[in-house]
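dropping the sequence and predicted coords here.
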Amino acid sequence: MTSAARTGTESAPAARAEAREVGNAAESAGTAGAGAAPVDAPLAPPVETPAEAPPEGPDRTEPATESTPAPAPGAAPSSGGTRRERRASFERDTLRATTLERSPLTTTDGTPAGVVHLVAELAPYARTGGLGEAASSLAAFQAASGMPTAVVMPLYRQVAAKVQRLEPVGEPFVVHVGFRAEQARLYRIPPWVPTADSPERRRAPRATVYFIHNAHYFDRAGIYGEGGDYPDNARRFAFFSAAALAALPRIATTPLILHSHDWHTALAPIYLRTWYAGHPFHQEVSTVLSVHNAGYQGHFAPQTMAEVGLPWELFNHDQLEWYGKMNLLKGGMAFADAVTTVSRTHANELRTPGGGFGLHDAFLALRDRFVGIVNGIDQRIWNPETDPHITANYSCADQSNKVLNRRALQRAYGLPEREGIPIFGMSARLVAQKGLDLILADTGFFDLDAQFVFLGNGERRYVDALARVSQRYPAKVRVDTGFSDVKEHHLMAGGDILLMPCQYEPCGLTQMRAQRYGMLPIARCVGGLADTVEDGLTGFLFEDYDAGAFARAAARAVRQYGHPPGWKAMVCEAMARDFAWERSEERYLSVYRGVLAAGWPHR
């Protein structure tokens, strides 16, 4: 990770004091209607309204008019009316909605609670990989269960291409991080308002998505960088975390779970327990930090502590110091009430010197505050019986139409329509983690009597190497760097064997989707792959990260494919596996209940 090189000139205690002022102002506004549209404010359906461009930067946020007193930093203007009317408006537009009365999450005294997710990426608005998809699915299923759920993410440039209308939530507010004071503004996707003609969506609550706007930090072509990390990523995500905490009273009421995801939002639990220590609103917020990929931790130079507004005393072995660097993921873990990762096996791996990415001692120190929860997939979308994207639907009971999808896949990629040979497929980022070195090793893998389709983009060395393989085997190998969700559906429906020989895989979603479509994985026995693939039953596992071990697993798969009764039995077993998010959501609910019951140790 790269880091910004600027150092602070303002003391951390002063920055913390200013941050508390922002939070106090935000809470005061929140209890009086902060962030809520007036009760009679029209909310046009977003699908019928052209995109509204947000302000282009901190210097272009709407100023208060002369007839309207400027709000305090972090505060939104009152919506008018009596205190009861303002409170009713606030409760309607935050998590304290009617669904809260039946929330499955409550404190030990029965008080309903909700959850707010902080994420750097979220499907379908802006994402680079599995984090955005996993966070989106978890929030969706939590909301569907009746839990009041919100998600907060940065307002990136590409969001405007996905969202047709954004609604401002209150006035711009000031965020203090380190030695800088900058403006932020909160937006959201307008909530759908039921009518007499269309009341049915009352029964299907959805997560409310909020966006933190600051053009200087987020109006860029990339999320994390362009050809490398942005040099100010520490400040970018510090600003996002600080702004989200300042805006939190506009979004929700307490008791509340603040669920951060990966290093980009790991500063939130740190700020919560330092800047906001003893603050009436924020001390009632419990925290969970999910580690989706511990290979990325947010390493920055020590002087970055001042830039992100943290006191130097936190730069110690138990909190933020890591081999002479500031480690944001480590710090967030130290301050969170609970830490999760995305599979049971990966949780055990992270506790070991060989699998902990240098943080195994920190994971061990968490003890029972650290658990592994396997991600799920949306089985309504990934269902070959109803999938609208594939050529022909099929099921475990009647697999006859799978051959139609196979032929369509071969035609789409210009492969000979041969029968009796397996089609290997890979849908992944073409990076070292995914095991490309094993696939490209000189083991004779591509000499197998089979066809091969690679879907994805990534490091140039792997893209170029696969292109050379396709030139060497023009009748059997295809490489498609233009990934799309629809293409992945086609690959799952038409392919036979999925390639996932990963160096490590915290969870993985592709192997679950593939099994639902009767595409059996060849996978290394690590992380979520070990938790979701059964060797000889639903796929083919191998232990060592070794080209020979991978080649032997591939040969096993080809031999099994040549025995149709045995292959069909494995396909049926794989298609019957339940990878629904509902099971994972229930485990997160258990973690939430635990942290609400235990409370932050330092309150």
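Looks like it arrived, so ask away. From a predicted model like this one, the values you see are computed outputs, not experimental measurements.

which parts of the host helix or strand of H489 are buried?
In this assignment (DSSP states H and E), H489 forms part of helix 485-494. Neighbour counts over helix 485-494 (16 or more other Cβ atoms under 10 Å) mark K487, E488, H489, H490, L491, M492, A493, G494 as buried. Every C-beta, even on glycine, is put in place using the N, C-alpha and C of the backbone.

out of those residues, who's nearest Q399?
Proximity of these to Q399 (Cβ to Cβ) peaks at A493, which lies at 11.0 Å.

ok, that closest one to D485 distance?
According to Cβ to Cβ, to the nearest Å, A493 and D485 sit 13 Å apart.

again with N233
Taking Cβ to Cβ, one finds N233 at 28 Å from D485.

low-confidence regions, the stretch 451-600 of the chain specifically.
600 (pLDDT under 70).

what are the ranges of the helices in it?
460-472, 485-494, 510-516, 527-532, 547-561, 564-575, 581-598 (DSSP state H, counting those that start in this stretch).

now the terminal residues of stretch 280-290, how far apart.
26 Å (Cα to Cα, to the nearest Å).

ok, stretch 323-342 next?
Termini of stretch 323-342 sit 26 Å apart (Cα to Cα).

over to stretch 400-418?
Across stretch 400-418, first to last residue, Cα to Cα, it's 16 Å.

name the residues of that stretch that are buried.
Neighbour-count burial for stretch 400-418, counted by 16+ other Cβ under 10 Å, picks out N401, K402, L404, N405, R406, R407, A408, L409, Q410, A412, Y413, L415.

circling back to that earlier point, want to throw the buried residues of helix 485-494 into JSON lines with distance to G132?
Below are the buried residues of helix 485-494 laid out as JSON lines (distance: Cβ to Cβ, whole Å):
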{"residue": "K487", "distance to G132": "18"}
{"residue": "E488", "distance to G132": "15"}
{"residue": "H489", "distance to G132": "18"}
{"residue": "H490", "distance to G132": "22"}
{"residue": "L491", "distance to G132": "20"}
{"residue": "M492", "distance to G132": "20"}
{"residue": "A493", "distance to G132": "24"}
{"residue": "G494", "distance to G132": "26"}
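
tell me the one of those nearest L118?
For the buried residues of helix 485-494, the nearest to L118 is E488 (27.7 Å; Cβ to Cβ).

return the residues in contact with the closest one.
S427, L455, T510, R513 (Cβ atoms under 8 Å, 6 or more residues apart in numbering).

show the buried residues in those residues.
S427, L455, T510, R513.

out of these, the closest to A569 would be?
R513 (20.5 Å).

could you measure the closest one against A465, distance?
26 Å.

and for D219?
Distance from D219 to A465, by Cβ to Cβ: 36 Å.

just L491 next, same as before
For L491 relative to A465 (Cβ to Cβ), the value is 20 Å.

looking at strand pairing, list the partners for G458.
L430 (DSSP bridges).

next up, the contacts around it.
With Cβ under 8 Å, 6+ apart, G458 has these contacts: A428, R429, L430, V431, K434.

tell me the two of the residues you listed that are most distant?
Farthest apart among the contacts of G458 - using Cβ to Cβ - are A428 and V431, which lie 8.0 Å from each other.

which stretches of this structure aren't confidently modelled?
Across the chain (using pLDDT under 70), the flagged ranges come out as 1-101, 192-204, 600-603.

now for the longest strand along it, which elements pack on it?
Taking DSSP state E as the criterion, the chain has its longest strand at strand 180-188. Judged by 3 or more Cβ pairs under 8 Å, 6 or more residues apart in numbering; DSSP states H and E, strand 180-188 is in contact with strand 167-168, strand 173-177, strand 208-213, helix 233-251.

mind running it again at 10 Å?
Counting contacts by 3 or more Cβ pairs under 10 Å, 6 or more residues apart in numbering; DSSP states H and E, strand 180-188 packs against helix 12-31, strand 149-154, strand 167-168, strand 173-177, strand 208-213, helix 215-218, helix 233-251.

does T481 really touch E459, like I thought?
No. With contact taken as Cβ atoms under 10 Å, T481 and E459 are classed as non-touching, separated by 11.4 Å.

overlap in contacts, those two.
Here T481 and E459 have L430 as joint contacts, going by Cβ atoms under 10 Å, 6 or more residues apart in numbering.

narrow the buried residues of stretch 400-418 to those in helices?
Judged by DSSP state H, helices contain the following of these: K402, L404, N405, R406, R407, A408, L409, Q410, A412.

which one is the second one nearest to, not counting chain neighbours?
This means L404. A392 (4.2 Å; Cβ to Cβ, 6 or more residues apart in numbering).

what sits against that neighbour?
P384, S400, N401, K402, V403, L404, N405, R407, A408, A493.

now for those residues, which pair is the farthest apart?
Top of the distance list for the contacts of A392 (Cβ to Cβ): P384 and R407, 15.6 Å.

list the contacts of the residue lying closest to E582 once chain neighbours are set aside.
Residue nearest to E582 in three dimensions, not counting chain neighbours: F141, with 6.3 Å by Cβ to Cβ, 6+ apart. F141 makes contact with 147, 149, 207, 376, 378, 580-586, 588 under the criterion Cβ under 10 Å, 6+ apart.

one more pass at 8 Å, please.
G376, W581, E582, S584, E585 are the contacts of F141 under Cβ under 8 Å, 6+ apart.

let's see stretch 536-543 as CSV, backbone CA atoms only.
This file holds the C-alpha atoms of stretch 536-543, laid out as CSV (Å, rounded to 0.1, in the frame of the first residue of the first chain):
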residue,chain,number,x,y,z
GLY,A,536,-15.1,-36.5,-4.6
LEU,A,537,-18.7,-35.4,-3.9
THR,A,538,-19.1,-31.9,-5.4
GLY,A,539,-15.6,-31.2,-6.7
PHE,A,540,-11.9,-32.1,-6.7
LEU,A,541,-9.6,-30.7,-4.0
PHE,A,542,-5.8,-30.7,-3.7
GLU,A,543,-3.7,-29.6,-0.7
